[in-house]
Each structure stands twice: as structure tokens, then as C-alpha cells.
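I need the structure of the sequence given here:
(chains A and B)
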Amino acid sequence: MWAIISLLVENKTGILFKVTHLFRSRNFNIDSISVGVTENPDYSRMTITTNSDEKRVVQIVKQLEKMIDTVEVRQLDEHKTVYRELCLFMINLSNANDSMEINKIANAYGGKVHDVKKESLMVELTATPHQIQAFEELIKPFGIIDIARTGVAALQRSGS
Amino acid sequence: MAIDLINKMETMTGAKALMTAMEKEGVKQVFGLPGGANLPMYDEFARCDIRHILARHEQSAAHMADGFGRVSRKPGVCFATSGPGATNILTGIATAQADSAPMIAVTGQVAVDMIGRDAFQESDIIGMSNPVVKYAFQPRTPGEVPEAVRKGFYIAETGRPGPVLIDIPKDVQTGTAEMEFPDEFKIQGYHPWTDPDIVACEKAVDMLLNSEKPIILAGGGTIISSAFAELQAIAETLMLPVVTTFKGKGAFPENHPLSLGPIGMHGHAEANKMMTEADCVLAIGTRFSDRSVGTFETFEKRLKIIHMDVDPAEIGKNQQAQVAVVGDVKASLRIMIKLLLQRAIKKTEETPWVKHVKETKVYWKENLKIHPGEMGAAKILRKLRELLPPEAIVTTEVGQHQMWVSLFYDVIQPGTFFSSTGLGTMGWGFPASIGAKVARPDVPVVDIAGDGSFAMTENSLATAIQEDIPVIVFILNNYTLGMVAQWQRTFYKRRMIGVDQGHIPDYVKLAESYGAQGIRAQSMDELDKAIKTALSSDVATVIDIPIDPEEDVLPFVAPGTSLEDMILPS
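Sure thing, here's the model as predicted:
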């Protein structure tokens, strides 16, 4: 199963290392990770996505809870959560119509186009990992030069 | 209020603050080795009442602290310098972590502005130790030292105990600050005390009462929580046979009629048999290690599991439990006993299951084949048991001798047996016995050793003599790395590689060269005399007992198989 785990951690040096080290030493995998300071500068929020069976996800959450530096650990229900990832694509342009075609696709996904050159352009997309994957499939035929992704950031909807 | 605070504050160096904070924690001694980066801390020994016990290797210093901590249930403290001192101590820290032993390791570090520049004797011990510590502190200013010590001790000894590292840069040791020694503090993400779960306790009682063939599996957590009386009370109230893990050995008196001894790779035949026949297990403070239960899938398929543990992350890690009772096992067991009292349940008659268990026990006592020679492991260890008082503390090294202890040395007084069971660190037993003797100077302390393991930390004899810590080392000497040899005989068609120790050294002479007493025992008579001499002596004694290098440890549950597949002596 694909799981989103949200951690509130103390904003101290070495915590990111400890969290990722825990995944490595317990033989869990990290699909994506994003970290940023919260409204209170004493804390950071980490969002980790992982692919694992249910039992292992429960174990991951418990092991993270056991860590002394984590203040709060929650597995988020994706249906009650807003989760997004920012992705930058550098895409190859070889035919005259490519730019227009890509613009159309990008618009459909709410993407923004940057850095339009003769041979390439860049698309910025903020979407769910699933939508990013779908977009990627569509633009693959043009030739993807580079991709940079931020990892998922997620917050549970209020009242849920 | 403000005046109180000012009165409490005092200007001092980080090194002095460390020692003052440790004295406040009740530390009476430190096991360690000095070096360039911890000299300011060492200099403070001249000005405080804490005793320094000089080890000859940092790993041994850590094992000494570990042995002290397990016996006294207060963190033992070890000191090492930066770089190689710190990396040497790492095996000792990992050993304590694997067996949930309380420990404080204090390492020196290069000065703050030298960190990250590959300075002389710099090692990133915070990074290296991360997966094997319960927590680590690296105070970056002298003023942070008192709180690191206070929190460190609290973390090390509460909940599921474990080792805490405090890595102190040299300039933090020498720098001064207005020091405040806090009584109260907050660690936001640490909640070691969970109240006993009464609902879960009720479910556990019901499940036990509704089972035909219930059994108790007592793990190391039972010993850490010193839930000895509670374990015995629940076993006797419900007439439950008791098996233990190897780490839980001695949680329950092994001469008790309901005791079956340890299960596992080298568990008692009767314990393994009954474990596989039971329909419900009350598992107390255990992580269901592969060495205890064999293949995970086979074990959990057979029976209903009630899992009691202070660490919520242990629930469901290796085995799926039907009932999970999270909390201190002593407190939880007390609630279960109270529930039984309220319901006026006290079983007096033996059920068919208990009768069957007792018959099985008698059968294996009479029929388990042991080595036929005069100096077989079983006979040697039974002789030692006969001569040692019940309160004597025993540690072991790691290997065949350790597993013979599992089989043939009965622990009678709960909480008198300690071994490196999780990490399986060869060389642990001897320095740990020194730490144990420091914690309990009033009782005999014996390290039951093999020659291979003892060789790894034998230079701790220097500590035992110099510091006048008279422990007994009891070497079952087959001049071989015996457990590896047994696996080579069993699984590698007798291709014996790298196991022959070549009759080196002569352990009697080695002991004597350190100023210890060395005795060789080659017959039961000599052994009898040697043990009596050692017990009445006030100097550390090494008893060297040559045994048959071909003797195997049996029964044996081969790795990757289940308890049913136990190989028996033929």
C-alpha cells in the first residue's frame, strides 16, 4: 500500500538524518520525503511517503513514534488529506508544433511553462504524484531531459 | 524565586558540571580509559568522590558499565576518548542496546570548531552510534552539559532501558558557564510510562482461562521489570507452565515444578516440545527473537498470543498478537492477579495439560543424552550449580558454553543470570562480571566462559587485580571456537576452518602473570576443589577446564527451522 506519514519533529540538527537512518536500518523504503519548518520555528514537519504492506506501515509509524525527537507521528488517510508535490520537467522540443502541444497538456494539468528555448522548455507542475505520473506519460514522447521533484507535502483536512 | 535560581547557579567548567551532575545522579564509579580528548573530564576525578576503574580496552569499559547496569538497574557509566576510543566503545553500546541495558557512555570529542575537519582522533560518533543508542547528546556549549546528563540518565533508565551517549567536545569540557542543575525538565517526544491497560489485562485473563493448554513465555523484560513475584503468582494461581527466552532465563526459579527452562535454538527439549503443543501463550517482555521462536510464520500460526511489553513498537514486529498489553509488565501482571483474586480464581488441581507437561519434563530429565565422559559440559555445570549459593551472579560469554548454560545450569534465584543474548558479543561476560561484582560485592560473581570468547577481553584481568574485584572466570576450554566448529561439523561436512585455537595461551599461566589465581581442573575432584578454592579466595580466579572439542550442544533447532524440528542427541 501507498502511505503518507506526517511527522512533527523538533527543529534541531540531525533529525532528518535520524529519521532517514531509521528507515534504512529497519529495512523500510522511502518513496519521497519533504521537510520544512512550521509556523512555530521550534518544529519542522516532515512528510514521508512509502510503499509497503499494511503491517509494515504500522511498524514504521510505531518505530517513528518511539523516536525521542518526534513529537507527533500520524499516518494520513489520503481521502481526507490534501497532498501535493511540485515537479519541474525539462522537455525536449524537436518539431515546430511541440511547444504548442506541450503548452496544451500543461494547461490541462494546471502547469506553468518557463524557460522556453528553441530546443527545450520547462514545465512546473504542482499536483498529486498520480497526476504527475499521468502528465509524465503524456509528455514522454517529446523526450524528457530532466526531472526534479520535491516530494509530497500533506495536511489533513480540518475536521477529519 | 529569582534569588533561589541565582543561588542554585554556579560558574564552573563543562567537565566539572559533568561530574557534579553525575554525582547528583548517584554515580559512584566510572569504567573507562583516558585519552587526549577527555583529559579535562579525567582531571575532575582528582576533585570528586567518583571512583575511576581503569579498563584496558574501551569495549571492556562499556561491558563493565553494562554488567553494572543490568545488576543494579541503574545506568553504569563508561568513559572513552574521541576517535578510536569512541569507535572501540561502540560494540559495547550496541550490546547494551540489543539487550535493553541502561548505560551512559561519555566520549570526548574534538573541539567544536574542529568538528568536520578530519582532526586528529576525530570520529563522528554521533552519526556512527545512531542506530545503536536509545539517545545521544552532543552539548555544544558548557551550559548544556547538566541538562544532557539529567535527561540522559532519565532516558537510559526509564521505559525500555538502553544506552545513552553523551559526546562532549574538548572546548565544551574546558569552557565555563553559569551552571544550573535542573530537577525538572521536559522531553516532549518521550513518554516511557504508559498506564497499565486494564481492558487488555481483562482480555488476557479471559483468554488464558478459556485456553486448554496455556503457557507462559517470560522474556528479558520480566527481569528488567523485576516482575519475579508477579510472574510466580500468576503461574501458581493459574497453574501455568513457564518457559523463558534465553534472555529471560532465571525470570522464574528453574527448580520450580512449573518451570521448563528456556525455549529456542538451544532450549530445553521439554520447553520446546511444550511450546509447540500449547494453544495460548502469555508472552511477557519478549520480542520473539528468531533464536527463541524459530521461523516466525510457524510459531504464530500455532497458537493465540497475548503479548505484554513496555515498548509499543514490539507489538506486531515479529509476531501478531491477539491481545496486546502495553505497559510495564510488573504493573500489568499485578492487575491481572487482582482480577483473578476478584473472581476468586485459584486453580489447585492439575489439569490434563499440566500433568502432561510434568510428565514430559520428567521424561526429558531422565532421557536426554549427555556427553558420556567425566568432564562433559552438563556434569561440569551441574557441579558448579551444586557448589554456588543461589544468590551467586552468573554471566556468560558467547558460544557453546553459553548454550550449555542454557541447558544445564539452573538459575534458582531470579535475576541472577546475565548474558549477551541479543547482539551475542563474544568477550562480554568477563568485563560484565567485573561490573556486576562492583554492583554486588557481597555475592560471588562467576563468568562462565569459553576459551574463544574469554580471549577477546582477557586483559580485563588487569582491572580485576588492580581494582581488587575478585570475580571467578570458569572456562570450558575446548581450545576451539566451539560453536563455529559445531556448525562446520553439522552444516559444512566437517571442513574445519579458522576454529582451532592451538592450545594458546596457557590460561593458568596467563592468570598468574596478571597476579590472578589460575587453577586447572581435569577431573571432577579437581573441579570440586577448584570451585571451593575460588569461592573462598579474595583474588580473581581463572579455572581452566579442558573439555572434549568434539562435544556438541544439543538439542539444536537449526537456523531457519521451527521448534518442532529440534535435533536431539543421538
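
Return the residues in contact with the residue in chain A positioned nearest to chain B.
Each residue of chain A has a distance to chain B, by CB to the nearest CB, and the smallest belongs to A:K62, at 4.0 Å. In this view, the C-beta of every residue, glycine as well, is placed from N, C-alpha and C. With contacts defined as CB atoms under 8 Å, 6 or more residues apart in numbering or on different chains, A:K62 is in contact with B:312-313, B:315-317.

Am I right that it sits in a helix?
Yes - under the criterion used here (DSSP: H, G, I helix; E, B strand; the rest coil), A:K62 sits inside a helix.

Show me which residues of chain A sit near chain B.
A:9-10, A:14, A:17-18, A:21-22, A:25, A:55, A:58-59, A:62-63, A:65-71 (CB under 8 Å from any CB of the partner chain).

same for chain A: which of the contacts of A:K62 are within range?
Of the entries in the contacts of A:K62, those that also sit close to chain A under the rule CB under 8 Å from any CB are B:312-313, B:315-317.

just to revisit the earlier point, in helices, which of the residues of chain A next to chain B fall?
When DSSP state H is applied, the residues of chain A next to chain B are split such that A:17-18, A:21-22, A:25, A:55, A:58-59, A:62-63, A:65-66 fall in helices.

Which two of the residues you listed have the greatest separation?
Farthest apart among these by CB to CB are A:F17 and A:K55. That separation is 26.3 Å.

Not counting residues beside it along the chain, what's closest to B:Q121?
The shortest distance from B:Q121 to any residue other than its chain neighbours is 3.1 Å, reached at B:G83 (CB to CB, 6 or more residues apart in numbering or on different chains).

Could you do A:L16 as well?
Spatial nearest neighbour of A:L16, chain neighbours left out: A:V35 (5.9 Å); criterion: CB to CB, 6+ apart.

Make sure the one you found is indeed in a helix.
No - counting by three-state DSSP, A:V35 falls outside a helix, being strand.

which SSE is the residue of chain A positioned farthest from its centre in?
Counting by CA atoms, centre = their mean, the extreme residue of chain A relative to its mean C-alpha position is A:A96, 32.9 Å from that point. With secondary structure defined by DSSP states H and E, A:A96 is part of neither a helix nor a strand.

Report pLDDT for it.
In this model, A:A96 is scored at 89, pLDDT.

again with B:A2
Confidence per residue is given as pLDDT, and for B:A2 that number is 51.

Residues in a beta bridge with the residue nearest to A:L16, which ones?
With DSSP bridges as the criterion, A:V35 is bridged to A:M46.

burial of it, as a residue count?
When counting by other CB atoms under 10 Å in any protein chain shown, one arrives at 17 neighbours for A:V35.

Let me see the contact set for it.
A:16, A:44-47.

follow-up on the earlier one: could you check the distance from the residue farthest from the centre of chain A over to A:F89?
20 Å (CB to CB, to the nearest Å).

show me the contacts for the residue in chain B positioned nearest to chain A.
Shortest chain B-to-chain A distance, computed as CB to the nearest CB: residue-wise this is B:A313, at 4.0 Å. Shown in contact with B:A313 (CB under 8 Å, 6+ apart): A:59, A:62-63, A:65-66.

Quote the end-to-end distance of stretch A:122-140.
13 Å (CA to CA, to the nearest Å).

Report the distance from it to the chain centre.
In terms of CA atoms, centre = their mean, to the nearest Å, the centre of stretch A:122-140 is found 12 Å from the chain centre.

Could you check that stretch and say which residues are buried?
Burial within stretch A:122-140, assessed by neighbour count using 16 or more other CB atoms under 10 Å in any protein chain shown, is assigned to A:122-127, A:129, A:131-132, A:135, A:139.

What backbone torsions are found at the closest residue to B:T81 other than its chain neighbours?
The shortest distance from B:T81 to any non-neighbouring residue, by CB to CB, 6+ apart, is to B:G35 (2.5 Å). Taking degrees, to the nearest 10, you get phi -170, psi -180 for the backbone angles of B:G35.

What of B:I198?
Note on B:I198: its backbone torsions stand at phi -70, psi -40 [degrees, to the nearest 10].

I figured it was touching B:K338, is that so?
No - B:I198 is beyond contact range of B:K338, at 9.6 Å (criterion: CB atoms under 8 Å).

Domains in chain A, by residue range?
Following automatic domain parsing, one gets these domains for chain A: A:2-76, A:82-156.

quick one: which of the ones you listed is nearest B:T20?
Distances from B:T20 to each of the domains of chain A were compared using CB to CB; the shortest belongs to domain A:2-76, at 24.4 Å.

any idea how far that closest one is from the chain center?
Its chain's C-alpha centre lies 14 Å from the corresponding centre of domain A:2-76 when counted by CA atoms, centre = their mean.

what do you get for stretch B:78-93?
For stretch B:78-93, the separation from the chain centroid amounts to 19 Å (computed by CA atoms, centre = their mean).

what do you get for stretch A:99-113?
Stretch A:99-113 sits 21 Å away from the centroid of its parent chain (CA atoms, centre = their mean).

next one: stretch B:461-471
Between the mean C-alpha location of stretch B:461-471 and the chain-wide mean there is a distance of 21 Å, by CA atoms, centre = their mean.

just stretch A:147-159 next, same as before
6 Å.

Could you do stretch B:559-567 as well?
Averaged over its C-alpha atoms, stretch B:559-567 has a centre that lies 25 Å from its chain's centre (CA atoms, centre = their mean).

Could you do stretch B:332-349 as well?
Per CA atoms, centre = their mean, the centroid offset for stretch B:332-349 relative to its chain is 31 Å.

Stretch B:434-441 too?
On CA atoms, centre = their mean, the centre of stretch B:434-441 falls 14 Å from that of its chain.

next one: stretch B:225-238
Relative to the chain's own centre, stretch B:225-238 is displaced by 21 Å; criterion: CA atoms, centre = their mean.

Equivalent analysis for stretch B:314-321, please.
Using CA atoms, centre = their mean, the mean C-alpha position of stretch B:314-321 is found 22 Å from that of the whole chain.

B:I475 falls within a helix, correct?
No - when three-state DSSP is applied, B:I475 is found to be strand, with no helix at that position.

Would you check that it makes contact with B:F454?
Yes - proximity of B:I475 to B:F454 meets the contact threshold set by CB under 8 Å, at 5.7 Å.

who touches both of these two?
Going by CB under 8 Å, 6+ apart, residues that sit against B:I475 and also against B:F454 are B:Y507.

about what we covered before: for the ones in helices among the residues of chain A next to chain B, please prepare JSON lines with the additional fields pLDDT.
What follows is these, written out as JSON lines (pLDDT from 0 to 100):
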{"residue": "A:F17", "pLDDT": "95"}
{"residue": "A:K18", "pLDDT": "96"}
{"residue": "A:H21", "pLDDT": "95"}
{"residue": "A:L22", "pLDDT": "96"}
{"residue": "A:S25", "pLDDT": "92"}
{"residue": "A:K55", "pLDDT": "92"}
{"residue": "A:V58", "pLDDT": "95"}
{"residue": "A:Q59", "pLDDT": "95"}
{"residue": "A:K62", "pLDDT": "96"}
{"residue": "A:Q63", "pLDDT": "96"}
{"residue": "A:E65", "pLDDT": "96"}
{"residue": "A:K66", "pLDDT": "96"}
